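Trainee: any chance you could fold what I've pasted below:
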Amino acid sequence: MALLKIARMGNPVLLQMAEPVTNPGAPAIRRLVDDMIETMLDAPGIGLAAPQVHRPLRLFVFHLPSERTGQPNIPPSVVINPHFTPVGDATMPRIEGCLSLPGLRAAVPRWVRIHYTGVDCDGNEVGGEVDGLHANVVQHEYDHLDGILYPMRVTDFATFGFNEELSRLPPATEQDA
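Mentor: As a prediction, the model looks like this:
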C-alpha cells in the first residue's frame, strides 16, 4: 500500500465529473481503494473520494469512528458508482471540512436523511438509509464525484473560516461533521 498525494482546491481534477468504474474488482481498483483507505486514515480524515487523489473515478472511501458518532464504529468502507436520494425534505447546516481544503471549515446545507447505494470491490451492494454524520459524509464525498467542493454549497459565508477561528462560534452553530 502507498500514501497518495491529495489534490488541493484549485487543482482541475477536483472540478471535473468523475467517470464510472467499469470493473470494481479489477486489481488496479482494489489497489487504489487500499491506498485511498491508507491515505484517508493517515491524513487523518473520515472520507476520501478518488478525484481527491487525482483519479477521476466514481468511488469514495469512508469510515465513521464511534467516538465521532456515538454509534457503533463503521470500519473503512468503499462505495463504487454510488447514487443517493434524499429521504424527506429536511435539510440542516453541517460544519464540514475537507482534506483538499486543509485547515478550513464551513456550514453546508445537507439533507438530514438519505438513501444511498453502490457496490464494493467484490460487486456486493452497499448502502442503505442513513442520517447524521453518515449521511453527511456520503453527500460530501458524492459531491467530489461531480466536481463540487463544499464551498460551492455554502450559503452563509460568515460560517466559512479557519478551524481555529471557527472554534469560537457558539455551540449551537457547530455540528459534528
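Trainee: longest strand in this structure, please.
Mentor: strand 74-86 (DSSP state E).
Trainee: got the contact list for it?
Mentor: With contact meaning Cβ atoms under 8 Å, 6 or more residues apart in numbering, strand 74-86 is reached by 20-21, 24, 29, 33, 36-37, 40-41, 58-64, 111, 113-121, 126-127, 134, 138-139, 141-142, 145. All C-beta atoms are positioned from the backbone trio N, CA, C, and that covers glycine.
Trainee: by contact count, what packs against the helix or strand following it?
Mentor: The first helix or strand that comes after strand 74-86 along the chain, using DSSP states H and E, is strand 91-96. Applying 3 or more Cβ pairs under 8 Å, 6 or more residues apart in numbering; DSSP states H and E, one finds that strand 91-96 makes contact with strand 104-111, helix 132-145.
Trainee: do that again at 7 Å, thanks
Mentor: strand 104-111 (3 or more Cβ pairs under 7 Å, 6 or more residues apart in numbering; DSSP states H and E).
Trainee: which residues touch the strand it packs on?
Mentor: By Cβ atoms under 7 Å, 6 or more residues apart in numbering, the list of residues contacting strand 104-111 from outside reads 86, 91-97, 135-136, 139, 150-151, 153-156, 159-163, 166.
Trainee: now those: which count as buried?
Mentor: 93-97, 135-136, 139, 150, 153-154, 159-161, 166 (16 or more other Cβ atoms under 10 Å).
Trainee: could you list every helix and strand in contact with the lengthiest helix in the chain?
Mentor: The single longest helix within the chain, with elements called by DSSP state H, is helix 27-42. Counting contacts by 3+ Cβ pairs under 7 Å, 6+ apart, helix 27-42 is packed against strand 47-49, strand 59-64, strand 74-86.
Trainee: would TSV of those with mean pLDDT and distance to Q16 be doable?
Mentor: TSV is the format used below for these (pLDDT from 0 to 100; distance: least, Cβ to Cβ, whole Å):
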stretch	mean pLDDT	distance to Q16
strand 47-49	98	12
strand 59-64	98	15
strand 74-86	97	17
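Trainee: could I get these as JSON lines with distance to L104?
Mentor: Supplementary listing: those in JSON lines, determined by distance: least, Cβ to Cβ, whole Å:
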{"stretch": "strand 47-49", "distance to L104": "16"}
{"stretch": "strand 59-64", "distance to L104": "20"}
{"stretch": "strand 74-86", "distance to L104": "24"}
